[in-house]
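Peer 1: Kindly return the folded structure for what I paste below:
(one chain, ligands or ions: 2)
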Amino acid sequence: MKENKARLYVITGPSGVGKGTVLNKFFEHNKDNIIYSISATTRAPRPQEKDGVNYFFITKEEFEREIENGDFLEWAKYSDNYYGTKKSFVLKCLNEGKSVVLEIEAQGAKKVMEKYPECVSIFITPPDLDELEKRLRGRKTETEDAIQKRLEAVKRELEESKNYKYLIVNDKVDEAFNQLQQIYEKESAL
Ligand code: ADP
Ligand code: 5GP
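Peer 2: Ligands and ions are numbered 1, 2, ... in the order given. Purely as a prediction, here's the structure:
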């Protein structure tokens with residue numbers, strides 16, 4: 001019988017910590033059998049972002065209709081916008097024996113961890129709060145108001161980190177990537 005090692009990965013961490021940066025590197029090295037789940041959001045696209053690549057950018061009305069229809073595995077309101085994971089896509093990948101990565105914020109992650117206790121939960125944390133703010137501002141993608149909302153969420157998010165199976169401190173990108181890679185290889189072999 002074919003062994004199914006597909007895993008659901010939940011990756012969380014405060015905005016600006018470097019989740020996207022570390023995951024981009026991870027997916028440069030791991031193209032087979034693991035897939036990034038593209039979320040839906042009501043937030044406006046950033047200049048470099050593309051619909052269907054970074055997110056499915058939809059309206060508040062469309063998002064609320066999809067909630068009603070039960071289309072989301074989880075969803076959350078974060079910094080005045082909705083974000084949600086497409087249930088059908090994730091279940092299809094797992095059924096096909098492929099692992100899936102959810103890059104989601106802490107409220108949604110909590111719901112997924114409750115529903116799927118066997119998931120591989122990973123929290124990415126900054127070396128310190130000053131460095132986090134520096135990165136968030138240095139990215140130059142948010143308005144001051146959006147930066148403040150993201151910073152307000154940090155304390156609550158960091159308190160959740162103890163509930164995750166793995167903790168990665170993103171000090172140097174290469175080291176954080178190596179840790180993620182080791183977790184992936186270990187979990188794939190289990
Ligand atoms: P997130 O996806 O968690 O919101 P990003 O990946 O967009 O965060 O990273 C936020 C900013 O911090 C980006 O400008 C990125 O280049 C930078 N960054 C990410 N990781 C590091 C790191 N280890 N050291 C310094 N800067 C980093
Ligand atoms: P950003 O606006 O910076 O792209 O994302 C804001 C936060 O929403 C990040 O913490 C990101 O991981 C999270 N996020 C992205 N997609 C989803 C999702 O589908 N569900 C939940 N709960 N959070 C998400």
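Peer 1: Phi first, then psi, for V101.
Peer 2: When read as degrees, to the nearest 10, the backbone of V101 gives phi -110, psi 120.
Peer 1: tally of neighbours for it?
Peer 2: For V101, the count of nearby residues is 24 (other C-beta atoms under 10 Å). Yep, even glycine has a C-beta here, placed from its N, CA and C like the rest.
Peer 1: Could you do C119 as well?
Peer 2: The tally of other residues near C119 (other C-beta under 10 Å) stands at 18.
Peer 1: Would you mind measuring from it to ligand 1?
Peer 2: According to C-beta to the nearest ligand atom, to the nearest Å, C119 stands 19 Å off from ligand 1.
Peer 1: How about D80?
Peer 2: Taking C-beta to the nearest ligand atom as the measure, D80 falls 16 Å from ligand 1.
Peer 1: Do I have it right that that residue meets K149?
Peer 2: Yes. The pair D80 / K149 is scored as a contact, 6.7 Å apart, by C-beta atoms under 8 Å.
Peer 1: the more surrounded of these two?
Peer 2: K149 (16 against 10).
Peer 1: OK, contacts around that one?
Peer 2: For K149, the contacting residues are 79-80, by C-beta atoms under 8 Å, 6 or more residues apart in numbering.
Peer 1: how about the CA coordinates for the helix or strand encompassing it, as CSV?
Peer 2: K149 is part of helix 144-159, with elements assigned from DSSP states H and E. Presented in CSV, the C-alpha positions along helix 144-159 are these (Å, rounded to 0.1, in the frame of the first residue of the first chain):
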residue,chain,number,x,y,z
GLU,A,144,1.1,54.2,9.1
ASP,A,145,-2.4,53.2,10.2
ALA,A,146,-1.9,49.7,8.9
ILE,A,147,1.5,49.5,10.5
GLN,A,148,0.0,50.5,13.9
LYS,A,149,-2.8,47.9,13.6
ARG,A,150,-0.2,45.2,12.8
LEU,A,151,2.0,46.3,15.8
GLU,A,152,-1.0,46.2,18.1
ALA,A,153,-1.6,42.6,17.2
VAL,A,154,2.0,41.5,18.0
LYS,A,155,1.7,41.0,21.8
ARG,A,156,-1.3,38.8,21.4
GLU,A,157,0.3,36.8,18.6
LEU,A,158,3.5,36.2,20.5
GLU,A,159,1.6,34.9,23.5
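Peer 1: Please report phi then psi for the residue nearest the centre of the chain.
Peer 2: With distances taken as C-alpha atoms, centre = their mean, E103 lies nearest the centre of the chain, 1.0 Å away. Per-residue torsions, E103: phi -100, psi 100 (degrees, to the nearest 10).
Peer 1: and the closest residue in space to G20 that isn't next to it in sequence, what does it touch?
Peer 2: With sequence-adjacent residues excluded and distances taken as C-beta to C-beta, 6 or more residues apart in numbering, G20 is closest to E103, at 7.2 Å. Listed by C-beta under 8 Å, 6+ apart, the contact partners of E103 are 11-12, 19-20, 23, 36-37, 39.
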